[in-house]
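Engineer: Dropping the sequence and predicted coords here.
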Amino acid sequence: MSTMDLDRAWDLHPQVSVRPEPFGALLYHFGTRKLSFLKDRRLLTAVQSLADATSAREAFLAAGIREAELPRYGRALATLAHSSMVVGRTS
Amino acid sequence: MKTTAHGSPRLVDLFEYGLDAPICLTWELTYACNLSCSHCLSSSGRRDPRELSTAEAKAVIAELEAMQVFYVNIGGGEPTVRPDFFELLDYATSHHVGVKFSTNGVRITPEVAERLARNDYVDVQISLDGATADVNDAVRGAGSYATAIRAMENLAEAGLKNFKLSVVCTRHNIPQLDAFKALADRYGAQLRLTRLRPSGRGADVWDELHPLPGQQRELYDWLVAHGETVLTGDSFFHLSAFGEALLGLNLCGAGRVVCLIDPVGDVYACPFAIHDEFLAGNVREPLGFAGVWRGSELFRRLRVPQNGGSCSSCAFYDTCKGGCMAAKFFTGLPLDGPDPECVQGYGEQLLAQRPARSHLPRSAVDHSHRTTPATRSKPVDLTLVRRREDLDGAPVSDCAEHPLAGLRFP
């Protein structure tokens, strides 16, 4: 898995739908028809705020994820990027 | 509950407790079908007069949108023979409910294929159970291979990428796995392999058609070798007991993450379980589909970790979870024991002792074509009686309009 650039801006892919669940959330990509999961609510909060944050790091910290946890959450985001659930944002 | 390296529970364990809404569900739009496949899991053929109307179907779609059900697997019967099929398809996709539909290809003309290729939220599955006409038509009926191939040609020609070629694995087509893959590749399609279930008419042919023990191993090795390039609808998790778990949830999702809505609106735990034992309710009830999904007593019972029963002591129970509930039920095996196709051989032992076919559970729902006329083996006895005067005239009801109704002239 590639390392994730946490200092750039990301967004959910426009064809991805997010459904909150008690354990986190389900993600479905209508383009690739793939299903994915977010395993905790803080990750869900972070993913939902990606569009309005200047960087992934900012979204993570605002969601209550601690500095020490960033590598683990970064890997989760990398998995999502790998399956095109989240995409880089330039504006 | 098992946990991952990070100490959080595995998703598959959480799913055993069910979700607030299904991830996806199967919706059979009609029992009508132009074919009479010998293994049809819904015993389809003739339309049921009680099938959901267009308005009722749209109300279900609105509920699915509100519940954020991502997509529905539409089937039947042959769903495309419903006159409102495309109206419902467009309605679903414009309401954020994706559609995957299974068809034998009968209505996939070049025009229809073009229309489907234009909708990003539609996925098509062409059903074919033999890579050659002889193997396919023996199960699905004469001419059905040609129909499916023509449909695939039309879809490929229209530019629909990555539609699915959907195969039910049988004793006769397991030797054709490579040929199916080649066929799918030829039309730019993706191969989808699913398991033959002893459901519906499948119960009548399961003994003759289900893959032999050696073929199960062949199938497992083939699936492992082809990984993500082949879809399985999570259908073969009982094979995970061969070793490495197959891709997918490896969990019986019945009533937990999936369910079935049948053409008359009945909600069953899964598409392979059309039987009163697994009937949770009907979408026509006051609280609709959501009420059934959330409130059904049956679903509540299914949303607990399975009891391994006689499988608990098996080293492979954690990967196969005892296999398929419907396969056990319709072959007369206990639900808390091994799958009839248990790869460790425990199912075979039980099958050998099972009751006669006439004592096995059978669905009361059967819309099969009546392919043979009723036989009349002897003359019909008539009993001659005297005319009854009170039944002589036309029947009279309270709202009879004719002023002379009921008046008898001497």
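Structural biologist: Structure received.

Engineer: so for stretch A:71-85, what's the average pLDDT?
Structural biologist: Mean pLDDT, taken over the full extent of stretch A:71-85, equals 94.

Engineer: Give me the distance from that stretch to the chain's centre.
Structural biologist: Mean-position distance between stretch A:71-85 and its chain equals 7 Å (CA atoms, centre = their mean, to the nearest Å).

Engineer: Could I get the CA-only coordinates of it as PDB?
Structural biologist: These are the backbone C-alpha positions of stretch A:71-85, laid out as PDB (Å, rounded to 0.1, in the frame of the first residue of the first chain):
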ATOM      1  CA  PRO A  71      -0.300   6.600  10.600                       C
ATOM      2  CA  ARG A  72      -3.100   4.000  11.200                       C
ATOM      3  CA  TYR A  73      -5.800   6.300   9.900                       C
ATOM      4  CA  GLY A  74      -3.500   7.300   7.000                       C
ATOM      5  CA  ARG A  75      -3.400   3.700   6.000                       C
ATOM      6  CA  ALA A  76      -7.200   3.500   6.100                       C
ATOM      7  CA  LEU A  77      -7.400   6.500   3.800                       C
ATOM      8  CA  ALA A  78      -4.800   5.000   1.500                       C
ATOM      9  CA  THR A  79      -7.000   1.900   1.100                       C
ATOM     10  CA  LEU A  80      -9.900   4.100   0.200                       C
ATOM     11  CA  ALA A  81      -7.800   6.000  -2.300                       C
ATOM     12  CA  HIS A  82      -6.600   2.700  -3.800                       C
ATOM     13  CA  SER A  83     -10.200   1.700  -4.500                       C
ATOM     14  CA  SER A  84     -11.100   5.200  -5.800                       C
ATOM     15  CA  MET A  85     -13.500   5.800  -2.900                       C
END
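
Engineer: So it, near chain B or not?
Structural biologist: Yes - part of stretch A:71-85 sits near chain B under the criterion CB under 8 Å from any CB of the partner chain, namely A:Arg72. Every residue, glycine included, has its C-beta placed from N, CA and C.

Engineer: Show me the strands in the chain, by range?
Structural biologist: All of this is about chain A. In chain A, the segments counted as strands under DSSP state E are A:10-12, A:16-21, A:24-29, A:34-38, A:86-88.

Engineer: actually chain B
Structural biologist: B:24-30, B:71-76, B:98-103, B:122-127, B:164-169, B:190-195, B:260-261, B:266-268, B:279-282.

Engineer: closest to B:Leu155 out of the ones you listed?
Structural biologist: Taking CB to CB as the measure, these were each checked against B:Leu155, and strand B:122-127 came out nearest at 6.3 Å.

Engineer: Just the buried positions in that closest one, please.
Structural biologist: Neighbour counts using 16 or more other CB atoms under 10 Å in any protein chain shown place B:Val122, B:Asp123, B:Val124, B:Gln125, B:Ile126, B:Ser127 of strand B:122-127 among the buried residues.

Engineer: quick one: the fifth one from chain A, how far?
Structural biologist: It stands for B:Ile126. Here B:Ile126 is placed at a distance of 16 Å from chain A (CB to the nearest CB, to the nearest Å).

Engineer: what residues are up against that residue?
Structural biologist: The contact partners of B:Ile126, taken as CB atoms under 8 Å, 6 or more residues apart in numbering or on different chains, are B:103-105, B:108, B:148, B:151-152, B:155, B:163-166, B:189.

Engineer: Now the residue nearest in space to the middle of chain B: phi and psi?
Structural biologist: Central residue of chain B (CA atoms, centre = their mean): B:Pro271, 3.8 Å from the mean position. Dihedral angles of B:Pro271 (phi, psi; degrees, to the nearest 10) stand at phi -70, psi -20.

Engineer: lowest-pLDDT helix or strand in chain A?
Structural biologist: Sorted by mean pLDDT, DSSP states H and E, the helices and strands of chain A end with strand A:34-38, the least confident at a mean of 89.

Engineer: Quick one: residues in contact with it.
Structural biologist: A:24-29, A:44, A:47, A:76, A:79-80, A:83, A:85, B:11, B:23, B:70.

Engineer: Who wins on neighbours among those residues?
Structural biologist: A:Val47 (28 neighbours; other CB atoms under 10 Å in any protein chain shown).

Engineer: Which strand residues bridge the closest residue to chain B within chain A?
Structural biologist: When CB to the nearest CB is the measure, chain A has its nearest residue to chain B at A:Tyr28, with 3.8 Å between them. Note on A:Tyr28: beta-bridge partners by DSSP bridges are A:Ser17, A:Leu35.

Engineer: Against B:Leu160, how distant is it?
Structural biologist: From A:Tyr28 over to B:Leu160 the distance is 20 Å, taken as CB to CB, to the nearest Å.

Engineer: picking up where we left off before, can you redo the buried residues of strand B:122-127 as CSV with pLDDT?
Structural biologist: Conversion of these to CSV gives the following (pLDDT from 0 to 100):
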residue, pLDDT
B:Val122, 95
B:Asp123, 95
B:Val124, 97
B:Gln125, 98
B:Ile126, 98
B:Ser127, 98
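
Engineer: In terms of distance to chain A, which of those residues ranks first?
Structural biologist: B:Asp123 (6.2 Å).

Engineer: Test my guess that the closest one contacts A:Arg33.
Structural biologist: Yes - counting by CB atoms under 8 Å, B:Asp123 sits close enough to A:Arg33 to count as a contact (6.2 Å).

Engineer: shared neighbours of those two, anything?
Structural biologist: Taking CB under 8 Å, 6+ apart as the contact criterion, the residues that touch both B:Asp123 and A:Arg33 are B:Tyr71, B:Gly98, B:Lys100.

Engineer: Helices along chain A, start to end?
Structural biologist: Per DSSP state H, chain A has helices spanning A:41-48, A:56-62, A:70-82. These are given in chain order.

Engineer: should've said chain B
Structural biologist: Taking DSSP H as the criterion, chain B carries its helices at B:11-15, B:54-66, B:85-94, B:110-117, B:133-140, B:144-157, B:177-186, B:202-209, B:213-226, B:288-295, B:297-302, B:317-320, B:325-330, B:346-352.

Engineer: picking that back up, format the helices of chain A as JSON lines; extra columns: distance to B:Pro83.
Structural biologist: Supplementary listing: the helices of chain A in JSON lines, determined by distance: least, CB to CB, whole Å:
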{"stretch": "helix A:41-48", "distance to B:Pro83": "41"}
{"stretch": "helix A:56-62", "distance to B:Pro83": "49"}
{"stretch": "helix A:70-82", "distance to B:Pro83": "42"}
